[in-house]
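>>> give the three-dimensional model of this entry:
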Amino acid sequence: MSTKQQKLSVLEKIGYGSGDAAVNVVISSMFLIITFFYTDVFGIKPADMAILFLLVRFIDAITDPLMGTITDRITTKWGRYRHYFLYLSVPFGIAVFLTFTTPGFDYTGKLIYAYITYIFVTLMFTSVTIPYISLIGVLTSDPKEKLSANGYRLFFAKIAAFLVSIVVPILAEEFGKDDLQRGYQLAMGVMALLGTALLLFCFFTTKERVEHEIDKKPLLEQFKLLIKNGQWTLLFGVCFTGTVGYVIRNSVAIFYAKYYLGGDASIQSSFLATGVIGAILAMPASTYITKRYCKVKLFKYTQLIVGGISALMFFLVDPGDLYMAYVLYFLLSFIVDLHAPVFWSAIAEAVDYGHAKSGKRVSGLSFGGISFAQKFGMGIAGAVVGYLLDFFGYIPDEVQTESALVGIALMLTIIPGVFHMIMGGLMFRYKITDTYYEKIKLKLNI
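So this is what the prediction gives:
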């Protein structure tokens, strides 16, 4: 099929983007509110929460490669990836709802419940996310169309993040009245229904049109081929370090607004929204820039700039300084996400790179590995936040000590900034530009 025949309609790009909006109901809740929910609403101690986040990631080490292998081996009349959105949309929504339900158990019972539901939502997340991030590779082989589709995808992902950051706190307060636990359960129940509907919309509006021959290789052989793909291993490291930085900053944003800036619920909500709006605007800006400027250069230099802005925010923003905090947080959130469409296109291109180099294609495990890198980064970041909150003496819903305030400020700025600079530094070794990828396509005849 020629590249011209692989142009995607606006509806299909919107449908593709709706899938990431569904996935981001989970991701955004994990990034933006679950840490606050577990400590200040559910009632888990920060140190216990840190262990929870870390231990569950060991399950991902098994389930992510397994799911990647399953997507390689099973094909239905709808293709290799889309049918998972149809079959798993309802269990996905149920998992989200249960995760944000607070049972009336004692502390031990609640901790056990948190483990069960967090594992459940993680498994559902894996089961739809790996097929979803693999989908772009079979929608089209045109790199410009991939980049454009990913622009739509990440725009809708940020809309989902906006809903979670703004609508959920408001709905939780409205539904819960004096019972915030009930409020969060119902608010996230609404988000769960939305996520289910969006997955179904993605299924019905997209089409798998690029067919790749997948070798039926044993998992160990696939793993060895994957490790030899230097561009994929590079992206694995990029994904891990970037996710750690991203999750640390976003997890602590609500703490920063509440305690460092001294904000009430409206300030907390608007501060989170400021970051999300910056990220939303970054999506069309990234698409515009990459049409005129090298996507790889955009990626690496923006992440280095993030480190500088993070340092500025730490040293320039004093407790209670709302104006400077909002301005710098918006700028930080805008620049940090300019790389996102490039990254998700790069994964599919790295799979083709490995195929061209070795003559053997490893697709499902490639995307499963990146999903694991993302979730392992989420787990490490969650554990870091939990341990640092405990280390700096954070006490939920109390006036914080100077040490706790400094710790919260560090977790919003300097600490994640370092990870983003490492991420940008790694991208100096990435070489699959659009020109280079055209050569890969010629070799693979796609």
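
>>> so Ala325 sits right up against Leu261, yeah?
Yes. Taking contacts as CB atoms under 8 Å, Ala325 lies within contact range of Leu261: 5.8 Å. (Glycine included, C-beta is placed from N, CA and C.)

>>> what do those two both touch?
Common contact partners of Ala325 and Leu261 (CB atoms under 8 Å, 6 or more residues apart in numbering): Phe271.

>>> between the two, who's got more neighbours?
Just comparing Ala325 and Leu261: by other CB atoms under 10 Å the higher neighbour count belongs to Ala325, 25 against 20.

>>> so what's that one closest to, chain neighbours aside?
Take Ala325 and drop its neighbours on the chain: the residue closest to it by CB to CB, 6 or more residues apart in numbering is Val317, 4.8 Å away.

>>> swap in Leu328?
Nearest to Leu328 is Met313, by CB to CB, 6+ apart, at 4.2 Å.

>>> tell me the contacts of the residue nearest to Ala325?
Neighbouring residues of Val317 by CB under 8 Å, 6+ apart: 324-325, 328, 409.

>>> ok, now with 7 Å
By CB atoms under 7 Å, 6 or more residues apart in numbering, Val317 lies in contact with 324-325, 328.

>>> what's the answer for Tyr387, then?
Neighbour list for Tyr387: 47, 50 [criterion: CB under 7 Å, 6+ apart].

>>> let's see it at 10 Å
Tyr387 makes contact with 46-47, 49-51, 54, according to CB atoms under 10 Å, 6 or more residues apart in numbering.

>>> where's it, which helix or strand?
Per DSSP states H and E, Tyr387 falls inside helix 364-391.

>>> immediately after that helix, which helix or strand?
Downstream of helix 364-391, the next assigned helix or strand under DSSP H and E is helix 402-412.

>>> buried set for that following helix?
404-405, 407-412 (16 or more other CB atoms under 10 Å).

>>> got the angle between the very next helix or strand once past it and helix 402-412?
With elements assigned by DSSP H and E, the helix or strand that comes after helix 402-412 is helix 414-426. Per axes from the mean of the first three to the mean of the last three CA atoms, to 10 degrees, the angle that helix 414-426 makes with helix 402-412 is 20 degrees.

>>> what sits up against the next helix or strand along the chain from helix 414-426?
Next helix or strand after helix 414-426 toward the C-terminus (DSSP H and E): helix 434-444. Outside helix 434-444, the residues within contact range by CB under 10 Å, 6+ apart are 3, 141-144, 146-147, 212, 231, 290, 294-296, 345-346, 348-350, 352-357, 359, 361, 432, 446.

>>> can you select the buried ones among these for me in ChimeraX?
Paste this into ChimeraX to select the buried members of the contacts of helix 434-444, with burial taken from 16+ other CB under 10 Å:
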select :141,142,143,146,147,212,231,290,295,296,345,346,348,349,350,352,353,354,355,356,361,432,446
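
>>> could you list the buried residues of stretch 29-45?
Quick answer for stretch 29-45 (16+ other CB under 10 Å): 29-42, 44-45.

>>> how far out from the middle of the chain is that stretch?
Relative to its parent chain, stretch 29-45 has a centroid offset of 17 Å by CA atoms, centre = their mean, to the nearest Å.

>>> show me where the stretch 1-150 of the chain has its helices.
All helices of the stretch 1-150 of the chain, identified by DSSP state H, counting those that start in this stretch, fall at 10-28, 34-36, 46-73, 83-99, 107-139, 143-162.

>>> chain center to the fourth one: distance?
Which is helix 83-99. That offset, for helix 83-99, works out to 17 Å (CA atoms, centre = their mean).

>>> before we move on, what about the last one?
Computed by CA atoms, centre = their mean, the separation of helix 143-162 from the middle of its chain amounts to 12 Å.

>>> and the one helix or strand Ile335 maps to with helix 402-412, angle?
Ile335 belongs to helix 322-336 when elements are defined using DSSP H and E. If you take the same axes, to 10 degrees, helix 322-336 sits at 30 degrees to helix 402-412.

>>> what's the following helix or strand after helix 322-336?
Proceeding N to C from helix 322-336, the next assigned helix or strand is helix 340-358, under DSSP H and E.

>>> show me what that next one is packed against.
Counting by 3 or more CB pairs under 10 Å, 6 or more residues apart in numbering; DSSP states H and E, the packing neighbours recorded for helix 340-358 are helix 107-139, helix 143-162, helix 219-228, helix 230-255, helix 265-290, helix 295-316, helix 364-391, helix 434-444.

>>> quick one: low-confidence parts of the stretch 201-350 of the chain?
Scanning the stretch 201-350 of the chain with the threshold set as pLDDT under 70 gives 212-216.

>>> any quick ChimeraX command for the buried ones out of the contacts of Tyr387?
Buried members of the contacts of Tyr387, identified by 16+ other CB under 10 Å, are gathered into one ChimeraX selection as follows:
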select :46,49,50,51,54
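
>>> where is pLDDT lowest across the contacts of Tyr387?
Least confident entry in the contacts of Tyr387, by pLDDT: Leu54, with 87.

>>> how about it: what's its closest non-neighbour residue?
In this structure, Leu54 finds its nearest non-sequential neighbour in Ala383, 4.1 Å apart by CB to CB, 6+ apart.

>>> burial count for the one you found?
19.

>>> what's the answer for Gly245, then?
Residues lying near Gly245 (other CB under 10 Å) number 26.

>>> excluding covalently adjacent residues, which one is nearest to it?
Nearest to Gly245 is Phe419, by CB to CB, 6+ apart, at 3.1 Å.

>>> now do the contacts for that neighbour.
By CB under 10 Å, 6+ apart, the neighbours of Phe419 are 240-249, 303, 306-307, 310, 377, 381, 384.

>>> hang on, the earlier thing: what comes up buried for the helix holding Tyr387?
Buried positions in helix 364-391, judged by neighbour count with 16+ other CB under 10 Å: 364-390.

>>> thought Leu199 was touching Asn24?
No. Between Leu199 and Asn24 there is no contact under CB atoms under 10 Å: 11.6 Å.

>>> how far away is Leu234 from Thr75?
30 Å (CB to CB, to the nearest Å).

>>> okay, the two: which has more neighbours?
Ranked by neighbour count (other CB under 10 Å), Leu234 and Thr75 place Leu234 first, with 19 against 14.

>>> spit out the contact partners of that one.
346, 350, 426-432.

>>> that's all I had, so thanks and see you.
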